[in-house]
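In: mind folding the following:
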Amino acid sequence: MKYTPTLTGLAALVMAAGIGVPTSAHASGAVAGAEVDGVIVVSGNTCTWTGADASATPPSALTVDRSTINKPGGNLSCGGGITASLNNNPAFTFDDAAGTATTDVIDLTGKQSFVSCRYKVTNIVWNRDGATRKYVNTPFTATKVSGSFLCPGSFSAAAGEASVVFR
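Out: Now for the predicted structure:
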């Protein structure tokens, strides 16, 4: 029987984000008050984080600081015995006229039990929900970069399995 870990969908967890209004810059390049919260449900397991730093607020292009998502500096947690960590600082760009946002690359490692899998996905497009700063993902496929032979070679996420909220 082939083990298919539920953690393979974790590449999308960076998608649910909330960003506040800036007041001054942090030493890390983040903007004071520009915070990112995230959530995604993967195979019935929920992964979340709160209070991550961003370099700007929408509609300006921005990056999300992975050190404020990953533990110990952040509070990324997942149900189902999954642990995850972001390997890059994802960049978001916005097209307000079209009502979309795009993420350049998400590089994520997930681990469940003794199985570790690393996946990358590029150019994820998000559709804005009305006039808010909530965006919902369009379908995408993440490709395995490294990890156990037990990890699937890729996985797909359907539209709406993740969202981003900038506030």
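In: show me where this structure has strands.
Out: Counting by DSSP state E, the chain has strands at residues 35-42, 45-53, 62-63, 77-78, 82-86, 91-95, 100-112, 115-128, 134-137, 140-147, 154-157, 163-165.
In: between the two ends of stretch 109-122, how far is it?
Out: 15 Å (C-alpha to C-alpha, to the nearest Å).
In: now it: mean pLDDT?
Out: For stretch 109-122, mean pLDDT is 93.
In: do stretch 72-87 as well
Out: Average pLDDT, stretch 72-87: 91.
In: repeat that for stretch 139-154.
Out: Throughout stretch 139-154, pLDDT has a mean value of 94.
In: count the residues that sit near residue 148.
Out: 14 (other C-beta atoms under 10 Å). All C-beta spots, glycine's among them, are computed from the backbone N, C-alpha and C.
In: hey, what's residue 143 bridged with?
Out: Legend: beta-bridge partners of residue 143 under DSSP bridges are residue 120, residue 154.
In: okay, the strands of the chain in TSV with distance to residue 70 and mean neighbour count next?
Out: Formatted as TSV, the strands of the chain follow (distance: least, C-beta to C-beta, whole Å; neighbours: other C-beta atoms under 10 Å):
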stretch	distance to residue 70	mean neighbour count
strand 35-42	12	22
strand 45-53	9	20
strand 62-63	15	21
strand 77-78	11	18
strand 82-86	5	21
strand 91-95	17	18
strand 100-112	10	21
strand 115-128	14	19
strand 134-137	21	22
strand 140-147	17	16
strand 154-157	21	18
strand 163-165	18	22
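In: now tabulate these in TSV and tack on distance to residue 71.
Out: Formatted as TSV, the strands of the chain follow (distance: least, C-beta to C-beta, whole Å):
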stretch	distance to residue 71
strand 35-42	14
strand 45-53	9
strand 62-63	20
strand 77-78	8
strand 82-86	8
strand 91-95	22
strand 100-112	12
strand 115-128	16
strand 134-137	24
strand 140-147	20
strand 154-157	23
strand 163-165	21
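In: looks like residue 90 contacts residue 65 (just checking).
Out: No: applying C-beta atoms under 8 Å, one finds residue 90 not in contact with residue 65, separated by 9.7 Å.
In: so what pLDDT did residue 4 get?
Out: pLDDT, residue 4: 43.
In: figure out which of the strands of the chain is closest to residue 69.
Out: Among the strands of the chain, strand 45-53 comes nearest to residue 69, with 4.5 Å by C-beta to C-beta.
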